[in-house]
Every structure is written in C-alpha cells, then in structure tokens.
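> With the input below, show me the fold.
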Amino acid sequence: MRKLIPAVCLVFSPVTAIGQASEFVGEWLLWLEQGNARRPAYGTLTIEPSGDSVSVYIDGGPVNLLALDGDRIRFDFDWTDVGDREHLSVLDGVLDDGILTGTATEGAEARGAWRATPKAAPESLPPAPDPVDLTGIWGGPAIISKYSFDHTEAGQAAQAAYDLTMDDPILRCVSDGLIRMSHGPFDIEIVEGSGRIFILHEDLHEVRRIYMDGRPFPDGIDDAHLSMGYSLGRWEGSTLVIETRGLKKAVWDAAGMPFNAGAVVTERWYLEGDENLHIEFSLSDQVNYHRPILMHPGRQRLPDDTEIGEYSCDPHAFYRGLQLDGRLEEYWGRSRNRL
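Prediction:
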C-alpha cells in the first residue's frame with residue numbers, strides 16, 4: 001500500500017533578476033547520477049527568458065533559481081523518493097562548451113553528479129519508419145520524480161480536495177491508470193502482435209494496447225473515461241511515438257496530482273544501445289496545469305528468462321482500517337471524490 005508522508009508546502013520563485021544569461025536559455029536533457037531510487041535518471045531542465053530575468057523549470061514544474069554568476073548556476077529541486085517522501089536538493093553547476101555539469105546536495109549529504117546537454121530541435125519532417133525490437137521484459141523505471149507543478153486554480157482546488165488516505169484508487173485495488181503505471185516501481189513486458197503492441201504491466205496485471213495500424217481515434221474518445229486510455233502509435237525512424245486520449249479523470253501520483261478526462265499524453269520510446277529504454281513523456285492538461293507535465297522514465301532490459309510475477313491486492317485492509325478508525329461513513333460520503 002502506498003503512503004505519502006506529508007511535507008511542508010514549498011513556495012517557489014522561479015524568476016530572479018540576473019541580467020542577461022542567454023547562454024543558459026533553452027531546453028536541456030537533465031541527467032542525475034542519483035534519481036528517486038538512487039539510480040541514474042533523466043528529466044528535462046527548461047530555462048526561459050522573462051524580461052531581464054529567467055524562469056527555471058524541471059519536468060514542467062517550477063524551481064527556485066538561487067544564483068547565476070557568469071558561467072555558474074545554482075537552483076533547487078523538490079522531488080520524492082520511491083516511498084513518496086519529499087526531499088529538497090540543491091544543484092550547483094558550471095556551463096562549459098555548451099554543457100552544464102555539477103554536483104547535487106541535500107543538506108550536508110552529497111547526491112552525486114548532474115549534467116545537462118541541449119536538446120535537439122525537432123526535425124521539420126519526421127524520418128522514415130525504421131522499427132526496432134522493443135519486445136521483452138523491462139525493469140522498474142528510474143525517474144527524477146519532481147514533486148510540485150504549476151497548477152491552475154482548478155488544479156489547486158482539485159489537489160486540495162484530495163484526501164490521500166481515502167481517495168487514492170490503489171487503496172481499493174483499482175487501476176493506477178496509464179500515467180502512474182508508467183513511472184511506478186514495477187516491471188513491464190512488451191509483446192508485439194498484428195497491428196498493435198501490448199504492454200503487460202506487473203502492477204495490477206494491467207494491459208495496455210497501442211494500435212499501430214494507422215486507425216484514427218474513435219468518435220467521442222475524450223468521453224471514453226478509460227484507465228489506460230486509447231493509444232495510437234507510429235514509428236518516426238527508430239523512435240516509437242504514441243499519443244493517448246480517452247483517459248478518465250484521475251491522479252498521477254500518491255500526492256494527488258490531478259489530471260482531467262480531456263488530457264492528452266504523448267510518449268517517445270527509443271533505445272540507447274540494446275539494453276536501455278528511454279521514454280519521454282508529456283502530459284498536456286490545460287484544465288489543471290499552466291504548462292505540460294514532463295517525465296523521462298528509463299528502463300533496463302532484463303534477462304530473457306525473467307518472468308512477470310504474481311500481483312496480489314486485497315482491499316479488505318483498507319475498508320477494515322476505515323471501519324476501525326470510525327471513518328467508513330466519511331468515506332461513503334466522499335463518492336464525488338472517488339477516482
């Protein structure tokens with residue numbers, strides 16, 4: 001059962017007067033030596049101009065720029081570990097020959113090196129399909145797990161109304177849904193079929209289908225309210241590009257980050273060598289967020305004889321716990337909050 005340890009509210013000031021710093025402006029591929037599970041992980045660092053200042057974001061969420069002096073930069077980064085506990089790290093770096101490198105700390109604790117390289121601009125025309133073999137079993141993802149994001153008023157209200165002790169669907173053994181399963185700490189198995197790709201999740205043994213036969217989205221897809229959504233895929237060179245619509249209203253982490261039924265998810269799956277799978281993930285939900293939410297799970301290929309194990313989930317403990325705490329009637333009264 002997943003549990004979030006409540007943490008203090010962070011107030012972000014992503015814009016700081018620093019004069020001209022155009023060499024830092026852009027979108028960067030961020031690599032941390034220690035992600036949320038103390039494994040190397042990737043994300044997106046975005047630095048944008050704002051008058052005589054800049055705004056700094058990690059994976060679409062604001063962070064505090066602490067200093068920028070010449071070729072040196074310092075900013076903080078709020079994140080959660082695999083136990084959903086909140087942390088605050090500080091990243092110090094230097095820009096040299098177009099690459100940012102530095103070290104991360106959390107209080108007095110060293111948290112390894114970090115690096116950011118400029119992201120290439122999208123090609124004007126997608127390359128011709130050149131499919132690669134993604135089949136097999138891939139281990140649980142490494143992510144950097146940004147904690148807070150740039151909510152709209154509606155998003156703030158949705159998160160404020162969320163009670164993690166009652167509203168988290170996993171407490172009832174209900175599907176986490178596509179977004180949460182994409183970065184949850186479980187293995188996946190990829191199987192190719194005729195005109196489609198299947199993703200078999202260890203988590204709740206959920207199955208995702210990605211249609212590769214060129215079909216359009218069904219009429220009324222935004223009202224489908226599907227846990228895993230409806231996914232269409234295509235190859236752009238050796239990158240598998242997936243667009244998903246038709247998701248039901250839900251949350252994409254234990255803290256209750258909301259997303260609306262009309263949200264659109266875009267993914268780019270590609271290999272680094274044969275053993276490392278990158279998934280660049282973008283969630284567009286203008287109801288709840290001012291800018292897209294980004295993630296970059298990385299998975300490693302497991303040996304061919306690996307098997308997806310049994311997954312067991314019994315909601316008895318959840319309901320019994322509410323009963324013993326005298327909160328069962330409160331739970332029934334929160335039907336409108338049920339996800």
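
> if I look at Leu68, how far off is Arg74?
In this view, Leu68 and Arg74 are 7 Å apart by Cβ to Cβ, to the nearest Å. No exception for glycine: its C-beta is placed from N, CA and C like everyone else's.

> wait, Thr46
Distance from Thr46 to Arg74, counting by Cβ to Cβ: 17 Å.

> Just want to know which of these two has more residues nearby.
Neighbour totals were compared for Thr46 and Arg74, and Thr46 leads with 22 against 15 (other Cβ atoms under 10 Å).

> Okay, domains of this protein per the record?
The chain breaks down by automatic domain parsing into domains covering 22-118, 136-300.

> mind putting those domains in JSON lines, mean pLDDT and distance to Trp332 included?
As requested, the domains of the chain are arranged in JSON lines below (pLDDT from 0 to 100; distance: least, Cβ to Cβ, whole Å):
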{"stretch": "domain 22-118", "mean pLDDT": "92", "distance to Trp332": "26"}
{"stretch": "domain 136-300", "mean pLDDT": "93", "distance to Trp332": "10"}
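
> got TSV for those, with distance to Cys313 too?
Below are the domains of the chain laid out as TSV (distance: least, Cβ to Cβ, whole Å):
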stretch	distance to Cys313
domain 22-118	17
domain 136-300	4
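
> Give the helix, strand or coil label for Leu283.
strand (DSSP: H, G, I helix; E, B strand; the rest coil).

> ditto for Glu329
Under three-state DSSP, Glu329 comes out as helix.

> Would you map the helices across the stretch 151-300 of the chain?
153-161, 178-183 (DSSP state H, counting those that start in this stretch).

> out of the ones you listed, deepest packed?
helix 178-183 (a mean of 23; mean count of other Cβ atoms under 10 Å).

> so what does that helix touch, helix or strand wise?
strand 250-251, strand 264-272, strand 276-284 (3 or more Cβ pairs under 8 Å, 6 or more residues apart in numbering; DSSP states H and E).

> Which strands and helices lie in contact with the first one?
Right, the one you point to is strand 250-251. If you count contacts as 3+ Cβ pairs under 8 Å, 6+ apart, strand 250-251 packs onto helix 178-183, strand 258-259.

> Neighbouring strands of it in the sheet, and parallel or not?
Paired neighbours of strand 250-251 in the sheet (DSSP bridges): strand 258-259 (antiparallel).

> Just give me how far the strand it pairs with sits from the chain centre.
12 Å (Cα atoms, centre = their mean, to the nearest Å).
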